[in-house]
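Colleague: I'll drop the sequence and a predicted model, then ask my questions.
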Amino acid sequence: MERTDRIFGAGVRRRYNVLLAIVTFGTAVAPFAVGLIALYVFWPEGTGPGPAIIAIAALVLAPLGTWLAHNRFALAGNLSLRRRLWERLGRDGHAFSDQVRPVFVGFSPGDAPLVWDGDTDRDVGFLAAWGDSLVYYGDDFAWYLPRDRIDVIEPLHPVAGVGRVLIRWHAPRESNRAFTLVSREAADLRGARRAARPPTCAAPGAPLGS
């Protein structure tokens with residue numbers, strides 16, 4: 001049964017997706033709407049250099065504004081999600097050692113890009129390299145993955161402007177398991193791309209680090 005205090009459930013994912021669509025569409029349309037108003041007020045006859053300048057400005061500003069809006073709002077709500085999840089994990093008794101520094105990430109099972117209610121993350125949570133394991137405490141999942149079960153850690157091509165990290169691993173007598181992660185510490189997509197640096201796998205038996 002799905003817990004009732006989910007922080008990143010289907011409804012939240014859909015709400016953020018709708019917000020992003022509205023803001024992106026609005027920034028794409030706004031330059032043309034303002035341009036039409038300016039033409040109506042200042043150049044009702046449609047003569048002179050004004051209409052051409054307005055058209056060029058709208059063609060430049062529309063894609064620029066769309067890119068800026070998507071870059072900024074694609075990760076809207078990250079700070080709130082991070083704070084609320086950290087508080088709930090503390091109440092639930094899930095705590096990291098003081099010697100590790102967990103990072104806030106988005107988690108998606110499988111190795112293929114998927115969309116979950118309009119979002120490319122199935123879950124959000126905190127990830128840390130703890131001893132010889134990766135440890136994850138999330139909104140819906142919690143797991144630890146020993147280093148000797150990790151086969152490959154590699155970056156993926158960006159999906160929706162966000163670079164993800166692919167981790168392939170195996171269970172005893174099983175293989176070809178995978179999941180992807182993306183940093184959600186950043187407030188925008190550029191920051192998330194900078195943060196999407198796959199951890200380095202040391203020699204077998206060496207600590208993953210903290």
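Modeller: All right, it came through fine. Numbers count the residues shown, from 1 in each chain.
Colleague: tell me how far the host helix or strand of Ala30 is from the chain's mean position?
Modeller: Using DSSP states H and E, Ala30 sits in helix 10-42. Centre-to-centre, helix 10-42 and its host chain are 21 Å apart (C-alpha atoms, centre = their mean, to the nearest Å).
Colleague: now it: mean pLDDT?
Modeller: For helix 10-42, the mean pLDDT works out to 89.
Colleague: Can you tell me which helices and strands it packs against?
Modeller: Contacts defined by 3 or more C-beta pairs under 8 Å, 6 or more residues apart in numbering; DSSP states H and E place helix 10-42 against helix 50-73. Using the backbone N, CA and C atoms, a C-beta is placed for each residue, glycine as well.
Colleague: and the angle for the helix it packs on with helix 10-42?
Modeller: If you take axes from the mean of the first three to the mean of the last three C-alpha atoms, to 10 degrees, helix 50-73 sits at 160 degrees to helix 10-42.
Colleague: List the buried residues of helix 50-73.
Modeller: 51, 54, 58, 61-62, 65-66, 69-73 (16 or more other C-beta atoms under 10 Å).
Colleague: neighbouring contacts of it?
Modeller: By C-beta atoms under 8 Å, 6 or more residues apart in numbering, the residues outside helix 50-73 that reach it are 19-20, 23-24, 26-32, 34-35, 38-39, 42-43, 161, 187-190.
Colleague: now the residues you listed: which count as buried?
Modeller: Buried by 16+ other C-beta under 10 Å: 20, 23-24, 27-28, 30-32, 35, 38-39, 161, 188-189, out of the contacts of helix 50-73.
Colleague: Columns distance to Asn176 on top of those residues, output as JSON lines?
Modeller: Formatted as JSON lines, those follow (distance: C-beta to C-beta, whole Å):
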{"residue": "Leu20", "distance to Asn176": "33"}
{"residue": "Val23", "distance to Asn176": "39"}
{"residue": "Thr24", "distance to Asn176": "36"}
{"residue": "Thr27", "distance to Asn176": "42"}
{"residue": "Ala28", "distance to Asn176": "41"}
{"residue": "Ala30", "distance to Asn176": "47"}
{"residue": "Pro31", "distance to Asn176": "48"}
{"residue": "Phe32", "distance to Asn176": "49"}
{"residue": "Gly35", "distance to Asn176": "54"}
{"residue": "Ala38", "distance to Asn176": "58"}
{"residue": "Leu39", "distance to Asn176": "59"}
{"residue": "Gly161", "distance to Asn176": "28"}
{"residue": "Asp188", "distance to Asn176": "34"}
{"residue": "Leu189", "distance to Asn176": "30"}
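Colleague: was I right about Leu81 contacting Arg6?
Modeller: No: with contact defined as C-beta atoms under 8 Å, Leu81 does not count as touching Arg6 (11.0 Å).
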